[in-house]
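Trainee: what follows is a predicted protein model with its sequence.
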Amino acid sequence: MSRTDGGAGEHDGGGGPAPAAAPIPWEDRPPGSGAVAWRSSRNPIIPRGLLPRSNSIFNSAVVPFRDGFAGVFRVDDTTRTMNVHAGRSRDGIAWDIDPVPIRFLPADDRVREIQATFTHAYDPRVTWLEDRWYVTWCNGYHGPTIGIAWTQDFESFHQLDNAFLPFNRNGVLFPRRVGGRYLMLNRPSDSGHTAFGDIFTSESMDLVHWGRHRHVMGPVPWTWESTKVGPGPTPIETDEGWLLIYHGVLTSCNGFVYSMGAALLDLDEPWRVIGRGGDYLLSPQVAYEQVGDVPNVVFPCAALVDRAADRVSIYYGAADTVTCLAHAHLSDLVAFARGR
């Protein structure tokens, strides 16, 4: 595939150059609050029953697109099949989501082999990389692995081969090459509800063949992230490093509790952690995060960045049921990840 550099936009979907779009959705920090990240008063912005057959819509990826926004959404239907759907919005709040799942076009004949065994697709991320949007998601192929596809219009999606062997989850591309290579964060797992998990980077020259796997970071005992961690939105490039917003999980007497955290990775060697916030940014504390198909889940998947205004808006899944929005200032997130 030929690739060209894209033009820099006023804001982007994670740190790389991206087409300009509408102002990102935003609400100021509530008066009297000292929180680094705060919830939108309009949450949940996408209800579980938006589509005729949707059981839940959550853990979804939103990016600036043309004069508004586009996204790829996890939709579990009323048979409880997990799949991904495309959607559009003018303001990033009110969404028109296609009721029919994305029909991926095979990039080559070998891809048809993995498409023939489809069982599920879930937890997508979307990254602007060079001249197109890349979608990564958890793809069912004899267990969970990472699927990759690209689109330039959010209408036609071209599927590449799976990146990894099963079992793997949370594949998140960097928005540019590092050292001449494409990089992807990922979390090796098992076939079930993994009770462990560390973040790794993997490298590729062609987005098909992946290797040079490097450990990034793991859980921290006796904290909010003591069971497992996994990458969230596309890493955001800053002067101080790659800002990684991620999820961490602890195991309580009632099961897993998913919260949101932030870390900084070295710009040239992103497998090196140079800062990591000790506290969580957001944990399940309100009803729509605590009650749902899977209780006590805050799961970030996308971040819109307005650098000029020092703003970040983070889309996250709540209780594996609905899609929500949180806000923060980019400078505050970097300072938080630095431990300042």
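Mentor: Everything's here; your move.
Trainee: residue ranges of the helices in the stretch 1-150 of the chain, please?
Mentor: Along the stretch 1-150 of the chain, the segments classed as helices by DSSP state H, counting those that start in this stretch run 111-115.
Trainee: so where is it shaky, pLDDT-wise?
Mentor: For the stretch 1-150 of the chain, the stretches flagged by pLDDT under 70 are 1-21.
Trainee: which residue is nearest the middle of this structure?
Mentor: Centroid-nearest residue in the chain, with Cα atoms, centre = their mean: residue 301, separated by 2.6 Å.
Trainee: what values do phi and psi take at that residue?
Mentor: The phi/psi pair for residue 301 (degrees, to the nearest 10) reads phi -130, psi -20.
Trainee: could you measure from it over to residue 170?
Mentor: Applying Cβ to Cβ, to the nearest Å, the value for residue 301 to residue 170 is 9 Å. All C-beta spots, glycine's among them, are computed from the backbone N, C-alpha and C.
Trainee: overlap in contacts, these two.
Mentor: Here residue 301 and residue 170 have 123, 232 as joint contacts, going by Cβ atoms under 8 Å, 6 or more residues apart in numbering.
Trainee: okay, the longest helix anywhere in the chain in PDB with CA atoms only?
Mentor: For the chain, the longest helix by residue count, based on DSSP state H, is helix 330-338. C-alpha atoms of helix 330-338 as PDB (Å, rounded to 0.1, in the frame of the first residue of the first chain):
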ATOM      1  CA  LEU A 330      -3.600  17.700  28.400                       C
ATOM      2  CA  SER A 331      -1.000  19.400  30.600                       C
ATOM      3  CA  ASP A 332      -2.700  18.100  33.700                       C
ATOM      4  CA  LEU A 333      -2.600  14.500  32.400                       C
ATOM      5  CA  VAL A 334       1.100  14.800  31.600                       C
ATOM      6  CA  ALA A 335       1.800  16.100  35.000                       C
ATOM      7  CA  PHE A 336      -0.300  13.400  36.600                       C
ATOM      8  CA  ALA A 337       1.500  10.700  34.600                       C
ATOM      9  CA  ARG A 338       4.800  12.300  35.700                       C
END
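Trainee: quick one: that helix to chain centroid distance?
Mentor: Distance, stretch centre to chain centre, for helix 330-338: 19 Å (Cα atoms, centre = their mean, to the nearest Å).
Trainee: need the residues that contact it.
Mentor: 36-37, 236, 238, 240, 243-245, 262-264, 275-277, 279, 281, 305, 307, 310-312.
Trainee: which ChimeraX command selects the buried ones in those?
Mentor: Applying 16 or more other Cβ atoms under 10 Å to the contacts of helix 330-338 leaves a buried subset, and the ChimeraX line that selects it is:
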select :36,37,236,238,240,243,244,245,262,263,264,275,276,277,281,305,307,311,312
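Trainee: in strands, which of the contacts of helix 330-338 fall?
Mentor: If you go by DSSP state E, these have 37, 236, 238, 243-245, 262-264, 275-276, 305, 311-312 in strands.
Trainee: nearest to residue 193 among those?
Mentor: residue 245 (22.4 Å; Cβ to Cβ).
Trainee: what number of residues lie near the nearest residue to the closest one once chain neighbours are set aside?
Mentor: Nearest residue to residue 245, sequence neighbours excluded (Cβ to Cβ, 6 or more residues apart in numbering): residue 232, at 4.6 Å. By other Cβ atoms under 10 Å, the residues close to residue 232 number 27.
Trainee: residue 232 touches residue 246, doesn't it?
Mentor: Yes - the pair residue 232 and residue 246 qualifies as a contact (Cβ atoms under 8 Å) at a distance of 4.9 Å.
Trainee: overlap in contacts, those two.
Mentor: With Cβ under 8 Å, 6+ apart, residue 232 and residue 246 have common neighbours 260, 300.
Trainee: next one: residue 331 from residue 311, what distance?
Mentor: 10 Å.
Trainee: name the residues of stretch 86-101 that are buried.
Mentor: 86, 87, 88, 89, 92, 95, 97, 101.
Trainee: for residue 31, state which of those is nearest.
Mentor: residue 92 (23.5 Å).
Trainee: with adjacent residues omitted, what lies nearest to that closest one?
Mentor: residue 25 (4.0 Å).
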